[in-house]
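K.L.:
sequence isn't available, so here's the structure alone:
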């Protein structure tokens, strides 16, 4: 048995930030991570050797902490997820020390003020119990903690009280070509704020453009949670890998006594704690809460745990630009079209941000090497019959230097029927239920995707693009959101505005699972801001 | 130096040039290395017609298919060599590198008519697909030197990951 002040379940960015803040304040902190630690160089080699260069390719899929893979999404009966449909849930995550920050892109836009007031403004979704103004100082804190590079002169609709800690990542040559095309449509391409060093920060090198952010930054220029895990450990926190939490024992007064974790060998260990912080992502956190207490669940008097699951379903489009744009250089995305986030049509369909890829056709097709084994729409190799020599090399060069892709990220509204539940009838190798998904993309999102397709097509037209493809189904964004909803009313929400469980006063939830709505911003910066805010609440109670 | 006499990049790498003049003066039977030898004899004609293709012949064929633009490594090529139908490979080798005055460029292969045969054309396509993709039989033979990356000119792209300090000028046209 272990005794600690604070037990943090999960070592991704949310858990790392909470642990860092509380360890720095002198608390005895224990961090439990389901999966193993990762050696960066070994992971790079594993990536190189992998045949499919998918986000999960550098990282282990352990028997005790299995994780989903994009290769299994949409293939019924395969993989860690149990997909009940009608649509597959398309996003994945890592279960390793540092969590999914290993393979995230690093984009750090803030929510818009109206993103948190969707019901009041547009009559759809719900309103957050806190306002943008309340969250704003925590955005500043998060940007300075994880190191966000951005343009101080452009708030992109999210008012700022302070500048970024680093100058913006330069937009790519490709972005500039797209900007000229967008200008002719009355639109503008803007630099994306991102957790990627443009100068030495957190003792890490600046980005040198390896163009491999997903699945792994080989030099650590992109923020990952190891930064704050290391700082937390330096301040005395205990990090226990391969510790799979599955139960939350309760005291007689209804507070949490701590957590129970299972080791890879199947033995259990109890960690008694004054404060429990669940930061295991928006699939694993609700899964633990619903498994706990003999399967009766903990913190679920509202019956909202696991519900309102959201992603940012992506409309992907790709083509060959009329002129070379030289992708595969720099971060995988450096800019986007942001004004579409502020569309006035949000009563009717999703708003979206248009992410401009510097990664050629990697997202829809795969690594450039893949184009020699698989072409769009079922074709085989890029090499034509009776083609070779310098003619082939030149045709390939002409092709790949013109590859362009847009990914528009749709806001999905909270829907209680979109949910994750523990599959008690289908357990993993150490006897813990796998996550089961019931998920519908819905008309609101699909109509937004149709709008995005029209915009992508207009941009392609301005770019004199050929070989235009608009993917006919949504890709997952890797943004897992909304399964432990924040709200003022304990009857219809799981945590209060401090991210404290309504039912369990010494249990907090850190992560994007608490978002009542998701807006169109990539979620990491917002969840980091909330995690820092929650850490302060906890600190005041210790 | 005309095309026929120009050493391939492979021959340069293997030290061909230093002894080329000497070898050229020797009779073919000496080149073959004596009775029972399986040493490949580029241009040696009928002496090797019945033999399966060797790795050396596969590498020579690969270099010709790619116009000798790249340094192709035996350790990588071996993985492709063993993955190809040996009968089909022998047929294409027979029609190309085992010819008298073997073709040295892809266009010269085309000029021989070797690829008019559908099976030969498919074999050539398969070999090029291996080298460009770096993938064979659900494994990665080579990623960093896959020709999908190697075929690009300096500055076109960032090439592949893990160059510690490499490609900082993405905001500019190369």
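P.N.:
Cool, the structure landed. Please read all numbers here as calculations on a predicted model, not as lab measurements.
K.L.:
so which residues of the stretch 1-150 of chain A form strands?
P.N.:
Taking DSSP state E, counting those that start in this stretch, the strands of the stretch 1-150 of chain A run over residues A:2-9, A:29-32, A:82-86, A:149-150.
K.L.:
closest to residue A:473 out of these?
P.N.:
strand A:82-86 (12.3 Å; Cβ to Cβ). Just so you know, the C-beta spots here come from the backbone N, C-alpha and C atoms, and that holds for glycine as well.
K.L.:
quick check: buried residues in the closest one?
P.N.:
Residues of strand A:82-86 classed as buried: A:82, A:83 (neighbour count, 16 or more other Cβ atoms under 10 Å in any protein chain shown).
K.L.:
quick check: which of the strands of the stretch 1-150 of chain A is nearest to residue A:501?
P.N.:
strand A:2-9 (12.9 Å).
K.L.:
distance between that closest one and the chain's centre?
P.N.:
Here strand A:2-9 shows a centroid-to-chain-centroid distance of 26 Å under the convention Cα atoms, centre = their mean, to the nearest Å.
K.L.:
which secondary structure elements does it sit against?
P.N.:
helix A:13-24, strand A:29-32, strand A:258-262, strand A:268-278 (3 or more Cβ pairs under 8 Å, 6 or more residues apart in numbering or on different chains; DSSP states H and E).
K.L.:
so which of these is the most packed in?
P.N.:
When these are scored by mean count of other Cβ atoms under 10 Å in any protein chain shown, the highest mean neighbour count falls to helix A:13-24 (a mean of 29).
K.L.:
that older thread, closest one to chain B among the helices and strands packed on strand A:2-9?
P.N.:
helix A:13-24 (22.2 Å; Cβ to the nearest Cβ).
K.L.:
roughly how far is that closest one from the heart of the chain?
P.N.:
Worked out by Cα atoms, centre = their mean, helix A:13-24 lies 18 Å from the chain centre.
K.L.:
out of the strands of the stretch 1-150 of chain A, nearest to residue A:309?
P.N.:
Of all the strands of the stretch 1-150 of chain A, strand A:82-86 comes closest under Cβ to Cβ, at 12.1 Å.
K.L.:
could you list the paired strands of that closest one along with their orientation?
P.N.:
When pairing is defined by DSSP bridges, strand A:82-86 lines up against strand A:433-439 (parallel).
K.L.:
count the neighbours of residue A:159 for me.
P.N.:
12 (other Cβ atoms under 10 Å in any protein chain shown).
K.L.:
what's the least confident stretch among the strands of the stretch 1-150 of chain A?
P.N.:
Looking at these, the lowest mean pLDDT belongs to strand A:82-86 (a mean of 95).
K.L.:
how far does that one sit from its chain's centre?
P.N.:
Centre-to-centre, strand A:82-86 and its host chain are 21 Å apart (Cα atoms, centre = their mean).
K.L.:
ditto for stretch A:342-362
P.N.:
Offset of stretch A:342-362 from its chain centre (Cα atoms, centre = their mean): 16 Å.
K.L.:
now stretch A:186-202
P.N.:
17 Å.
K.L.:
same question for stretch A:202-209.
P.N.:
21 Å.
K.L.:
buried residues in it?
P.N.:
A:202, A:204, A:206, A:207, A:208, A:209.
K.L.:
farthest pair in these?
P.N.:
Largest separation among these by Cβ to Cβ: A:202 and A:209, giving 19.1 Å.
K.L.:
and residue A:77, how close does it get to chain B?
P.N.:
Remark: distance between residue A:77 and chain B (Cβ to the nearest Cβ, to the nearest Å) = 21 Å.
K.L.:
counting neighbours, what do you get for that residue?
P.N.:
For residue A:77, the count of nearby residues is 7 (other Cβ under 10 Å).
K.L.:
returning to that earlier point: let me have the helices and strands packed on strand A:2-9 in a markdown table, extended by distance to chain B.
P.N.:
Listed next are these as a markdown table, based on distance: least, Cβ to the nearest Cβ, whole Å:
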| stretch | distance to chain B |
| --- | --- |
| helix A:13-24 | 22 |
| strand A:29-32 | 29 |
| strand A:258-262 | 33 |
| strand A:268-278 | 34 |
